[in-house]
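S.K.: the sequence and its predicted three-dimensional model are supplied below.
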Amino acid sequence: RMDSDGNGSIERAEFLNAMLQYVMHKLAEPTRESDEQEAEDSAQVDGKLDESANLTPQQHQAFVKRRAFTLMSMGLGLILLVSDAMVDVLVSIGNRCQVPPFYIAFVVA
């Protein structure tokens, strides 16, 4: 189908032609199902329905700020919990390999 001259290989021009036809075909066909799926996906957050869907704009803004603060706090707590132990491990690896810990951290990060 893509090999228009039938020589057994697909040249660049044939590939580009086939991709153009594919895109034009996809743009031409109705996308009602995909629009419905997209709307459903945008209404979901982390696998559950968005809790802020029926709120006023001010309530929604407060919800978003509260959720952002919660997630950032959890991330900060995780970093504080893990970072000191990770530094100790990288220093230990560097000392055992007789390589400066900076290089170990640079490669790992």
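M.R.: Here it is on my side, so go on.
S.K.: what residues sit buried inside the one helix or strand Leu27 maps to?
M.R.: According to DSSP states H and E, Leu27 maps onto helix 12-28. By neighbour count on 16 or more other CB atoms under 10 Å, the buried set for helix 12-28 is Glu14. From N, CA and C alone the C-beta is placed, and that goes for glycine too.
S.K.: and what of stretch 94-104?
M.R.: 94, 101, 104.
S.K.: check stretch 61-77 too.
M.R.: Residues of stretch 61-77 include none that count as buried (16+ other CB under 10 Å).
S.K.: and the helix or strand that contains His60, how far from the chain's centre?
M.R.: His60 belongs to helix 57-97 when assigned by DSSP H and E. Taking CA atoms, centre = their mean, to the nearest Å, one finds the center of helix 57-97 at 18 Å from the center of the full chain.
S.K.: mind giving me the packing neighbours of it?
M.R.: Contacts defined by 3 or more CB pairs under 8 Å, 6 or more residues apart in numbering; DSSP states H and E place helix 57-97 against helix 101-108.
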